[in-house]
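K.L.:
Sequence and predicted model, in that order:
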Amino acid sequence: MPFPIELKYIVQTEDELGVLFPTRFKEKMIQENGGELTTKEDDWQLYPFFDRSDRKRMSRTCNHIGLETKQAKEWRNFPANAIAIASNGSGDHLILLPENDNEKQLSEVIYAWWHEEGIPNKVADSIEDLLNQ
């Protein structure tokens, strides 16, 4: 069950990964850190931001965006500049990629990365599009 998170934990992840998450994505995660999404292709579990506020939250967020992104980057065809934000439980991820003109700022656009193909495919213009399905 997702729960709210303080902005400072999102900022810690941004610092760790060297990126800035899109505003609408941060707003959603501040309200509900994690949760489920559905696309035409699959059902997804959003990775939470690592919440260090207490032991219970640390335990509930141990599969956080930072850790899951680092593990995904071990795949030979995972995009080097991608951030993993969700999984379908089968090795595939929803990812965010940087803006074309700013490698640090992640775009609102959400892509599915299928581990067998290794090519990102756009699934939504923003997190809101997936939440409203």
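P.N.:
Everything's here; your move. Numbers count the residues shown, from 1 in each chain.
K.L.:
Every contact and neighbour count from this point should use C-alpha atoms.
P.N.:
Will do.
K.L.:
average pLDDT across stretch 33-43?
P.N.:
What stretch 33-43 shows for mean pLDDT is 91.
K.L.:
Next: stretch 87-104.
P.N.:
The average pLDDT within stretch 87-104 is 95.
K.L.:
Convert the longest strand along the chain to CSV, retaining C-alpha atoms only.
P.N.:
When the chain is parsed with DSSP state E, its longest strand is strand 102-113. Extracted as CSV, the C-alpha positions of strand 102-113 are listed here (Å, rounded to 0.1, in the frame of the first residue of the first chain):
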residue,chain,number,x,y,z
ASN,A,102,19.1,18.8,-20.7
GLU,A,103,20.6,15.4,-19.7
LYS,A,104,19.9,16.1,-16.0
GLN,A,105,16.2,16.9,-16.3
LEU,A,106,14.0,13.8,-16.8
SER,A,107,11.1,14.2,-19.2
GLU,A,108,7.5,13.6,-18.2
VAL,A,109,7.2,11.0,-21.0
ILE,A,110,7.1,7.4,-19.8
TYR,A,111,8.5,4.6,-21.8
ALA,A,112,8.3,0.8,-21.5
TRP,A,113,11.6,-0.9,-21.8
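K.L.:
For Q12, see how far away F3 is.
P.N.:
18 Å (Cα to Cα, to the nearest Å).
K.L.:
again with L131
P.N.:
Look at L131 and Q12: by Cα to Cα, they are 25 Å apart.
K.L.:
now L97
P.N.:
For L97, the distance to Q12 equals 19 Å [Cα to Cα].
K.L.:
what's the answer for V19, then?
P.N.:
10 Å.
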